[in-house]
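Undergrad: Fold the following.
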Amino acid sequence: MQRITVVSVPVSDQEAAKTFYTEQVGFKLITESRFGDELHWIQVGPADGEASLTLVTWFDSMPPGSLRGLVIDCADLQADYEAMRARGVRFLGPPEQQPGGVFAIFTDPDGNQISLRQAGSPAGEEQGLIRR
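TA: Sure thing, here's the model as predicted:
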């Protein structure tokens, strides 16, 4: 195994989610295609990222809004936070130090929660917050 390339994000409306992730979050549209009569593949992601998101409606075990724990590293978390807020993205709060680094969590229109993390921020272990 080498890397994770695609993470499925459960959404209720793929077109609305595509607009949110491309226009408000600032991701680029990587791939969009139809397969079968009713399935629509929409893949978005950071312009320079290795991994991307696919906006899915077809997994019964993944209801819209159920995604938690996805972390995206940012070169400048504060700048990304401010730019995304200016485009209408809702955050649970401002960036703050937590175990594992400095994070800011945003929600998409379905309630999925995605964490932005300051790349290279001190992890909890380095601050004595996490012990092994």
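Undergrad: Spatially nearest residue to the residue nearest the centre of the chain, not counting backbone neighbours?
TA: Nearest to the mean C-alpha position of the chain, by Cα atoms, centre = their mean, lies I114 at 4.3 Å. Spatial nearest neighbour of I114, excluding adjacent residues (Cβ to Cβ, 6 or more residues apart in numbering): L70 at 4.9 Å. Every C-beta, even on glycine, is put in place using the N, C-alpha and C of the backbone.
Undergrad: Next one: that neighbour from S33, what distance?
TA: Distance, L70 to S33, by Cβ to Cβ, to the nearest Å: 23 Å.
Undergrad: Neighbour count for these two, which is higher?
TA: L70 (14 against 9; other Cβ atoms under 10 Å).
Undergrad: Run through the bridge partners of L55.
TA: Beta-bridge pairing for L55 (DSSP bridges): V9.
Undergrad: thinking again about what came up before, what's the residue nearest to the centre of the chain in contact with, if anything?
TA: In this structure, I114 makes contact with L67, L70, V71, I72, I105, F106, T107, D108, judged by Cβ atoms under 8 Å, 6 or more residues apart in numbering.
Undergrad: same deal with S61?
TA: With Cβ under 8 Å, 6+ apart, S61 has no contacts at all.
Undergrad: and it, how far is that from S8?
TA: Taking Cβ to Cβ, one finds S61 at 11 Å from S8.
Undergrad: Do a quick rundown of the helices in this protein.
TA: For the chain, helices defined by DSSP state H occupy the ranges 14-19, 77-86.
Undergrad: Among these, which comes closest to G49?
TA: Nearest to G49, of all the helices of the chain, is helix 77-86, at 12.6 Å by Cβ to Cβ.
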